[in-house]
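Student: give me a model of this one.
(one chain, ligands or ions: 1)
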Amino acid sequence: MSNAEFKPSEQADEQTASQPTTVSGESQEQLKDEWTEYDFEGAPKISVEDLDVYYGEDHAIQSVSMDVPENSVTALIGPSGCGKSTFLRCLNRMNDRINSARVEGSVEIDGEEIYQDGVNLVELRKRVGMVFQAPNPFPKSIRDNIAYGPRKHGDINDGLLDKLLGRADPDKEDEIVERSLRQAALWDEVSDRLDDNALGLSGGQQQRLCIGRCLAVDPEVILMDEPASALDPIATAKIEDLIEELSKDYTVVVVTHNMQQAARISDQTAVFLTGGELVEYGETDQIFENPNSQRVEDYITGKFG
Ligand SMILES: Nc1ncnc2c1ncn2[C@@H]1O[C@H](COP(=O)(O)OP(=O)(O)OP(=O)(O)O)[C@@H](O)[C@H]1O
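Tutor: This next block holds a predicted model:
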């Protein structure tokens, strides 16, 4: 549940408080906890409780709480600067890399707190992988891009010593490379040129390669930050199909600016609005067809943002 910020006053009665007053295109309204309480069957894969993020003095995420169901697609939408990427990065502690960022609150994956001392961040980011807005393959072969993670994590033995001691495992590498590229819906396009440089692929292929690279280390959660925003419509459609397919086996959380995309691919949608507030969270159809919040309706219908 998000912390309600009561305006104009905490004593305002419901009727008065629900009347929006326009401030720079976006109205103010009294938030209601029930707008972010999303009931679903089963234990949450990710459970966020009272999460606040600050960049120095700037409060980028304000007391956000939400539970994410397993094996589903959750879309994070909202206008530019409302904190979607910041929130996403909290789910695998990528904000730890930003010096000015301070995170307070709790994030549990399968009931285990990720913001506690002693958490192995390499292991966490293996379980909770990330795909970024612009495809960022390594300037290496397609095979090396996919095998990079499994080699780093010791899932494939292919170092010089392994080779000298006869414990290198080329078959296992082949298996992982083929499995990951198939899962990323790229195998058929690249199976005959695995040793070519990945930078020679098209943008859409590069992005699917990055998804394959993420899948190669067997993640449980995949975070995607606008994964299709740099792609043309055909490449975008392939990524969208892929996201839906992946959600059968993985928990996918995706930031998107594209509301049609959120409506097409997600099971549930979280709407963040100015100031890093989670205003409404629920089943995607309900959010798009019958939102509770006037601000969410205004945003979805294009009145601001
Ligand atoms: N590394 C950073 N250092 C300082 N402030 C930051 C940093 N990253 C984000 N911010 C600020 O935090 C707020 C939320 O930014 P964030 O990028 O999370 O929003 P967003 O909703 O993902 O935006 P967009 O849709 O434009 O990508 C903004 O005010 C932004 O300027």
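
Student: from the ligand, how far out is residue 201?
Tutor: 25 Å (CB to the nearest ligand atom, to the nearest Å). Bear in mind the C-beta positions are built from the backbone N, C-alpha and C, glycine included.

Student: surely that residue touches residue 207?
Tutor: No. Applying CB atoms under 8 Å as the test, residue 201 and residue 207 come out as separate, 9.2 Å apart.

Student: the more surrounded of the two?
Tutor: Neighbour totals were compared for residue 201 and residue 207, and residue 207 leads with 30 against 21 (other CB atoms under 10 Å).

Student: what helix or strand is the residue nearest to residue 253 when sequence neighbours are not counted on?
Tutor: Nearest residue to residue 253 in three dimensions, chain neighbours excluded: residue 74, at 4.8 Å (CB to CB, 6 or more residues apart in numbering). Applying DSSP states H and E as the criterion places residue 74 in strand 73-77.

Student: what about stretch 220-238, distance to the chain center?
Tutor: Here stretch 220-238 is found 11 Å from its chain centre; the criterion is CA atoms, centre = their mean, to the nearest Å.

Student: and residue 180, how many residues sit next to it?
Tutor: Residues lying near residue 180 (other CB under 10 Å) number 25.

Student: on that earlier part again, who are the contact partners of the residue nearest to residue 253?
Tutor: Contacts were defined as CB atoms under 8 Å, 6 or more residues apart in numbering; by that measure residue 74 touches 68, 251-254, 266-270.

Student: look up how far residue 50 lies from it.
Tutor: According to CB to CB, to the nearest Å, residue 74 and residue 50 sit 19 Å apart.

Student: who touches the spatially closest residue to residue 288 that is not a sequence neighbour in this structure?
Tutor: Once flanking residues are discounted, residue 288 sits nearest to residue 263: 5.1 Å by CB to CB, 6+ apart. By CB under 8 Å, 6+ apart, the contact list for residue 263 reads 269, 284, 288.

Student: can I get the helix or strand residue 263 falls within as PDB, trimmed to CA atoms?
Tutor: Here residue 263 sits within helix 259-265, counting by DSSP H and E. Coordinates of the C-alpha atoms in helix 259-265 are reproduced here as PDB (Å, rounded to 0.1, in the frame of the first residue of the first chain):
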ATOM      1  CA  MET A 259       0.600   2.400 -22.700                       C
ATOM      2  CA  GLN A 260      -0.700   0.300 -25.600                       C
ATOM      3  CA  GLN A 261       2.300  -1.900 -25.000                       C
ATOM      4  CA  ALA A 262       1.500  -2.200 -21.300                       C
ATOM      5  CA  ALA A 263      -2.100  -3.000 -22.000                       C
ATOM      6  CA  ARG A 264      -1.000  -5.700 -24.600                       C
ATOM      7  CA  ILE A 265       1.600  -7.500 -22.600                       C
END
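
Student: quick one: name whatever helix or strand follows that helix.
Tutor: Assignment by DSSP H and E places the next element after helix 259-265 at strand 268-273.

Student: partners of that following strand in the sheet?
Tutor: Here strand 268-273 has these sheet partners by DSSP bridges: strand 73-77 (parallel), strand 277-283 (antiparallel).

Student: picking that back up, I'd like the mean pLDDT over the strand holding residue 74, please.
Tutor: Per-residue pLDDT over strand 73-77 has a mean of 98.

Student: next one: stretch 139-157
Tutor: The model assigns stretch 139-157 a mean pLDDT of 90.

Student: that one: which residues count as buried?
Tutor: Applying a neighbour-count criterion of 16 or more other CB atoms under 10 Å, one finds 141-151, 155-157 buried in stretch 139-157.

Student: stretch 182-191 too?
Tutor: Buried, per 16+ other CB under 10 Å, within stretch 182-191: 183-187, 189-190.
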